[in-house]
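**Student:** Turn this into a structure:
(one chain, ligands or ions: 1)
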Amino acid sequence: MWKKINVFEDQKEHVKKYVFEKDDIAIEAVLYKYPTYQERTVLCISTMCGCPMGCRFCGTGDYFVRNLIAQEIVGQAEYILESQLEGVSAHEIEKLQIMVMSMGEPALNKNLEQAFEVLYEKYPKAALLISSSAPKVDYEWIRALSVRIPTVGLQFSIHESTDTARDALIPFKAKLDLEQIAKEGVLWHEATGRRPFFNYCAHEGNNQKEDVQRLLDLFDPRIWEATVSVICERDAHEQVRNDHQRDLAVGFSALLVQAGYNVRVFDPAGQDTIGGGCGQLWYVQDWMRNNEQYVKPSVGCGLQKVHAPMLEKKVKEKVLP
Ligand code: SF4
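**Tutor:** Next comes the predicted model:
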């Protein structure tokens, strides 16, 4: 199916990035082992080439090429799980997670439905996680899919505690506000009996007790679980390891735990070396520069790019004057 597959490896961090290419697309998938493939394997795969959402911290938020068809979504997982696990069979893995959170907004690509049906049939024990930035769409198909397939999980990337701050970060206009996201999560919980996650990027402009209170007002900890993500640097030349960002994530997580949330901290291995973190996608950024005939600008194109220290400054200046 693919014309070319490139692999980038960070031996120390136990993470590999795969770039799959055809004539008109380049997409990325990331493979993690914790600490062996047999014990726990996590795979992040793409649902689009480029993305129309325009998130300012994301390396692919400026351009969109197209939705992937179901075979292209499945094909990333199949290739990696069938041939890249150093002799471990996918069926021997004790904990396998396949997440659609690399490139693209899954809620805008209904081909995901067919892709998840196939992945569930092939890997019935795998957790299939949808990570969405909450575009304004009818989520009924995602609820129905999650009811049919009991291994599907749902996470909304909220990242901020106010809509103003979130609008600055995610310029795509047709998206749910925080209150609407909270309602969608409750509907999903009622339909599936499982708990949705919200994903939050803590930085110095949004890590106070007031932020926790705003979240508590909308996201009931009896229903919602929390992921606090360490902010990635979006460009290769800005890959300075930033322990400060990690401290902020851990500090904010502690506040959320005090408030009653179950919290996990997400710190993607390989973000400092191979661009393994969500939204980095350095190789694809280069591919887009070299294949302009396939590429359309997204709403983010031309807006100021945001990396971690700028994100704090931007929010302080514009949202918290
Ligand atoms: S973070 Fe996700 S939703 Fe946002 S632009 Fe990047 S790929 Fe799209």
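
**Student:** Next, residue 256: secondary structure please.
**Tutor:** Three-state call for residue 256 (DSSP: H, G, I helix; E, B strand; the rest coil): helix.

**Student:** I'd guessed it sits against residue 212; true?
**Tutor:** Yes. Using Cβ atoms under 8 Å, residue 256 is in contact with residue 212, at 6.2 Å. (Each C-beta comes from the backbone N, C-alpha and C, glycine too.)

**Student:** the more surrounded of these two?
**Tutor:** residue 256 (23 against 20; other Cβ atoms under 10 Å).

**Student:** what's the pLDDT at that one?
**Tutor:** You'll see residue 256 listed with a pLDDT of 97.

**Student:** can you dump the C-alpha coordinates of the helix or strand hosting residue 181 into CSV?
**Tutor:** Element membership for residue 181, per DSSP states H and E: helix 178-192. Provided in CSV are the C-alpha atoms of helix 178-192 (Å, rounded to 0.1, in the frame of the first residue of the first chain):
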residue,chain,number,x,y,z
LEU,A,178,-16.2,23.8,27.0
GLU,A,179,-19.8,23.5,28.2
GLN,A,180,-20.8,21.6,25.1
ILE,A,181,-17.8,19.3,25.4
ALA,A,182,-18.8,18.5,29.0
LYS,A,183,-22.3,17.6,27.8
GLU,A,184,-21.0,15.4,25.0
GLY,A,185,-18.8,13.5,27.5
VAL,A,186,-21.8,12.9,29.8
LEU,A,187,-23.8,11.6,26.8
TRP,A,188,-21.0,9.3,25.9
HIS,A,189,-20.7,8.1,29.5
GLU,A,190,-24.4,7.4,29.7
ALA,A,191,-24.4,5.5,26.4
THR,A,192,-21.3,3.4,27.1
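
**Student:** ok now the helix or strand following that helix, how far from the chain's centre?
**Tutor:** Sequence-wise, the next helix or strand downstream of helix 178-192 (DSSP H and E) is strand 197-201. Centre-to-centre, strand 197-201 and its host chain are 10 Å apart (Cα atoms, centre = their mean, to the nearest Å).

**Student:** Repeat that for stretch 138-154.
**Tutor:** 17 Å.

**Student:** quick one: contacts of it?
**Tutor:** Residues external to stretch 138-154 that are found in contact with it (Cβ atoms under 8 Å, 6 or more residues apart in numbering): 107, 110, 112-113, 116-117, 120, 124-130, 132, 184-185, 187-188, 191-192, 194, 196-197.

**Student:** Can you select the buried ones from these in PyMOL?
**Tutor:** Remark: buried members of the contacts of stretch 138-154, expressed as a PyMOL selection using 16 or more other Cβ atoms under 10 Å:
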select buried, resi 107+112+116+120+126+128+129+130+132+184+185+188+192+196+197
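
**Student:** ok, now which ones touch the residue most central in space within the chain?
**Tutor:** Nearest to the geometric centre of the chain sits residue 101, at 3.4 Å (Cα atoms, centre = their mean). By Cβ under 8 Å, 6+ apart, residue 101 lies in contact with 44, 129, 131, 155, 278.
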